[in-house]
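J.: sequence? don't have it. structure:
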């Protein structure tokens, strides 16, 4: 429920465009899904989402319950299970759009959250996981974030261990894991209600919050070795083996060809074996991208091989979603600056309309301006240059963010030549000298 | 409530991108508005829309009535009247997004209608009208439509005449005008209930449906001259004078510089003085763009100087909206073909991953493929080329839409060189010869 004004929209649009172009470069086809549809369809794939997060309404004609989409993954799963069911696999799709999360508690507004993401269907583990992780790393670099990490876990590690905990203790244990609260886990798992929990499982659960890291100070190998000992004889052994295989392949160094962003994971991949976010939904590796600034992950994903089955067509699936607002905050925090487009307000006449047309023909945004406050107008509307009358009938090209750096060109220069001068500031500087 | 699959999304996205880039070139800043908000805000600016077209729902927390936006113009008016109120004028904004019209009668689904448009605030008539009309003409050419007309009318012509018709006859007269039903107008305006209607007004109303044209067979000048006689002494005289001034200025020939689409109106502008669509909303010139195919206007707009006042900040305004679905149908009908992007599936290894990376570094979409059905896979997923093993270990580059035109390059050619060959099909043909 928030408007985006021009500057914010321009940045958001450039960001979304960069992300979608990058997905397209990797063979991911953009699809579009409706902003709302029958709640029962959307709720088939809710996964980690609290049903209270969904904004539902009764459709006035039919009385059916609709929902504003709280997530696009279930919609795309429905598409794949129906109209795209006959496509040969793997199927690579991507999306971009706004999802809605219902306001809760004291929040004043529902959140309309812009997202973009990919879904890779019919690709087995670990190849599919690796493709998703590499794409996640390269797209994060493409949007200009140099400093980020990807936390890698496996949904079935925590799930296998918690499966051995009787109800209702399992809910409390899950909650303590989500908080990474090791001391509460100790208390919970040494109480009478935990008597039936195998000792190895209890020890593994208590240790889970610490099984995270993977940078120089705590090598991933050390974490994996410790986990192997802890998980021996529990249901977490198999998932750990899968995770280790993925970790080792993903960490292999890679070189990107010149001009392409690296999709290397060696420097950015970390381990987080105690991750439980969405672990009821994911069926394999899970991951989160973290960057300084937003205070929440800028993206998250994993493998969810059970989802398509809920739509009647069991199929492997892995994917991730990016939170565009969080990425925008991370870019701000790390000082990434968007290049300001050249945009010219033409007040002098001549060259007048002829210059406006000549600029547009070169792909440079331009409009006519007038009045005594033309510089202020140009600044307020984010024009990069304003063209005004100069001394002795010359034409003056004024950069709006640095008016004292204006250059003058002769009045009889002609629109084409002036358009060139504005379009190439260096040439403009030369024009002043010459 | 409709999914767009990959090919349709690609076309739709290219179309929207082309339109928004063109608006940006003319100094129009993109803004973003929420998909739903309080119904009372949206309904302030409903204008021509039937309130039954609006899909409302009760917000679960507050009990407030929200509506899925049936139009973006009122939202942008709200933005201008609040957060942009202090901006120097004119203010040029544009938008793109989906609006929702509630299903009615036997329609099975609500319509989620993709639109894009511009709003020009604080620009007087006729300069502002002319700017909007020129932009409408050039953007229609930019999307590839060569054959179109713009019907120009003035909202106050019909309104001034109908104001002299007593209620409830005025409703029936409006309806007959909307149907361009001259014989029904004769019946309505010669009945007893029409006794109070001035004779000149009745004659003008009956003639309105015929006051349309402006191509060679019926010059606009002839229509305007006839209207001047008919409207003399009625409230339609003033609006007609405004319309004539705009018509004459707009018809002046213009030459666009090389490389830019023409914004000329001389060939495409027509007159339609009896237009009543949205005449309760518009306050000046109104216009519709028509092209063969969709059976409905591909765009419509006009001047609505009263709208901003409803949001507390009276301001002149003119703008138009384009219906992207209708434009897509018009492009199909006129045989406009989108260029198919180059997109390569690499099955041969070597060059394998090295070629994929080299292609992406050149901005060419690429992915790995495998299996016996790799050509069928590539065709199903709209790859333009597939790279397979050729004879004696050579690498074979196969265009998916013309497999017999495949070329082979030596196995030791190297990924960089093969990427060049795929990227430039002509060079590929030479490679085969050499």
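T.: That came through fine. Nothing here was measured: the structure is a model prediction, and the numbers come from that model. Residues are numbered from 1 along each chain as shown, chains lettered A, B, ... in the order given.

J.: ok, the residue nearest to residue A:314 when sequence neighbours are not counted - contacts?
T.: Nearest non-adjacent residue to residue A:314, counting by CB to CB, 6 or more residues apart in numbering or on different chains: residue A:308, 5.8 Å away. To be clear about C-beta, it is placed using only N, CA and C from the backbone, and glycine gets the same treatment. By CB atoms under 8 Å, 6 or more residues apart in numbering or on different chains, the contact set of residue A:308 is A:77, A:80-81, A:121, A:314-315, A:317.

J.: Name the nearest residue to the residue in the stretch 201-350 of chain A that chain B sits nearest to, ignoring sequence neighbours.
T.: Nearest to chain B, among the residues of the stretch 201-350 of chain A, is residue A:260, at 3.9 Å (CB to the nearest CB). With sequence-adjacent residues excluded and distances taken as CB to CB, 6+ apart, residue A:260 is closest to residue B:361, at 3.9 Å.

J.: Assumed the residue of the stretch 201-350 of chain A closest to chain B was part of a strand.
T.: No: counting by DSSP: H, G, I helix; E, B strand; the rest coil, residue A:260 is not part of a strand but coil.

J.: so which strand or helix has the residue nearest to residue A:314?
T.: Residue A:308 is part of helix A:307-310 when elements are defined by DSSP states H and E.

J.: which parts of that helix are buried?
T.: By 16 or more other CB atoms under 10 Å in any protein chain shown, the buried positions in helix A:307-310 come out as A:307-308.

J.: Following the chain past it, name the next helix or strand.
T.: Next element after helix A:307-310 (DSSP H and E): strand A:317-323.

J.: Briefly note if the helix or strand just after that following strand comes near chain B.
T.: From strand A:317-323 onward toward the C-terminus, using DSSP H and E, the following helix or strand is helix A:324-333. No: on the criterion CB under 8 Å from any CB of the partner chain, helix A:324-333 is out of touch with chain B, staying 11.3 Å away.

J.: Pull the residues that contact helix A:324-333.
T.: By CB under 8 Å, 6+ apart, the list of residues contacting helix A:324-333 from outside reads A:11-12, A:15-16, A:19, A:113-116, A:143-145, A:148, A:291-294, A:296-299.

J.: could you redo the last one with a cut-off of 7 Å?
T.: With contact meaning CB atoms under 7 Å, 6 or more residues apart in numbering or on different chains, helix A:324-333 is reached by A:11-12, A:15-16, A:113-116, A:143-145, A:291-294, A:296, A:298.

J.: Specify the beta-bridge partners of the most centrally placed residue in chain A.
T.: With distances taken as CA atoms, centre = their mean, the residue of chain A nearest its centroid is residue A:322 (1.9 Å). Following DSSP bridges, residue A:322 is listed with bridge partners residue A:116, residue A:299.

J.: Any stretches of chain A with poor pLDDT?
T.: A:1, A:46-49, A:104-109, A:424-434 (pLDDT under 70).

J.: Got the domain ranges for it?
T.: A:1-141+A:294-337, A:149-290, A:343-433 (automatic domain parsing).

J.: coming back round to it: pretty sure the residue nearest to residue A:260 is touching residue A:257, no?
T.: Yes: using CB atoms under 7 Å, residue B:361 is in contact with residue A:257, at 4.3 Å.

J.: List, one by one, the residues from the stretch 301-434 of chain A near chain B.
T.: Residues of the stretch 301-434 of chain A lying near chain B by CB under 7 Å from any CB of the partner chain: A:343, A:357-358, A:360-361, A:365-367, A:373, A:376-377, A:380.

J.: got the contact list for the longest helix along chain A?
T.: Longest helix in chain A, counting residues (DSSP state H): helix A:6-25. Residues from elsewhere that reach helix A:6-25 (CB under 7 Å, 6+ apart): A:4, A:30, A:94, A:96, A:114, A:116, A:118, A:138-139, A:142-143, A:322, A:324, A:327-328, A:338, A:382, B:29-32, B:360, B:365.

J.: where do the strands sit along the stretch 201-350 of chain A?
T.: Using DSSP state E, counting those that start in this stretch, the strands assigned to the stretch 201-350 of chain A run over residues A:212-213, A:269-272, A:285-290, A:299-303, A:317-323, A:343-346.

J.: Same question for the stretch 51-200 of chain A.
T.: Assignment of strands within the stretch 51-200 of chain A using DSSP E, counting those that start in this stretch yields the ranges A:55-58, A:65-68, A:91-101, A:111-121, A:149-154.

J.: out of these, deepest packed?
T.: Using mean count of other CB atoms under 10 Å in any protein chain shown, the stretch among the strands of the stretch 51-200 of chain A with the largest mean neighbour count is strand A:149-154, at a mean of 24.

J.: Partner strands of it, with direction?
T.: As assigned by DSSP bridges, strand A:149-154 forms pairs with strand A:269-272 (parallel), strand A:285-290 (antiparallel).

J.: Most tightly packed of those strands?
T.: Across the strands paired with strand A:149-154, the average number of neighbours (mean count of other CB under 10 Å) peaks for strand A:285-290, which reaches a mean of 26.

J.: Can you give the contact residues for it?
T.: Under CB under 7 Å, 6+ apart, the answer for strand A:285-290 is A:129, A:133, A:136, A:140, A:148-155, A:243, A:246, A:275, A:278, A:297-303.

J.: how close does residue A:335 get to residue B:341?
T.: 34 Å (CB to CB, to the nearest Å).

J.: Looking only at neighbour counts, state which of these two leads.
T.: residue B:341 (13 against 7; other CB atoms under 10 Å in any protein chain shown).

J.: Please name the residues that touch that one.
T.: Counting by CB under 7 Å, 6+ apart, residue B:341 makes contact with residue B:365.

J.: burial of residue A:167, as a residue count?
T.: By other CB under 10 Å, 7 other residues sit near residue A:167.

J.: Phi and psi next, for it.
T.: When read as degrees, to the nearest 10, the backbone of residue A:167 gives phi -80, psi 150.

J.: distance of it from residue B:188?
T.: 76 Å.

J.: One more: residue A:14?
T.: Counting by CB to CB, the gap from residue A:14 to residue B:188 is 56 Å.

J.: So for the two, which sits in the more crowded spot?
T.: residue B:188 (22 against 14).

J.: That one reaches residue B:174, doesn't it?
T.: No: contact criterion CB under 7 Å: residue B:188 and residue B:174 do not qualify, at 10.4 Å.

J.: need the contact list for residue A:245.
T.: residue A:126.

J.: Recalculate using a threshold of 10 Å.
T.: Each residue near residue A:245 by CB atoms under 10 Å, 6 or more residues apart in numbering or on different chains is listed here: A:125-126, A:129-130.

J.: got it, and residue A:160?
T.: Applying CB under 10 Å, 6+ apart to residue A:160 gives the contacts A:154, A:201, A:204, A:231, A:234-240.

J.: Scan the residues you listed and report the most crowded one.
T.: Within the contacts of residue A:160, most neighbours by other CB under 10 Å means residue A:154, with 32 neighbours.

J.: Please name the bridge partners of that residue.
T.: Going by DSSP bridges, residue A:154 forms beta bridges with residue A:285.
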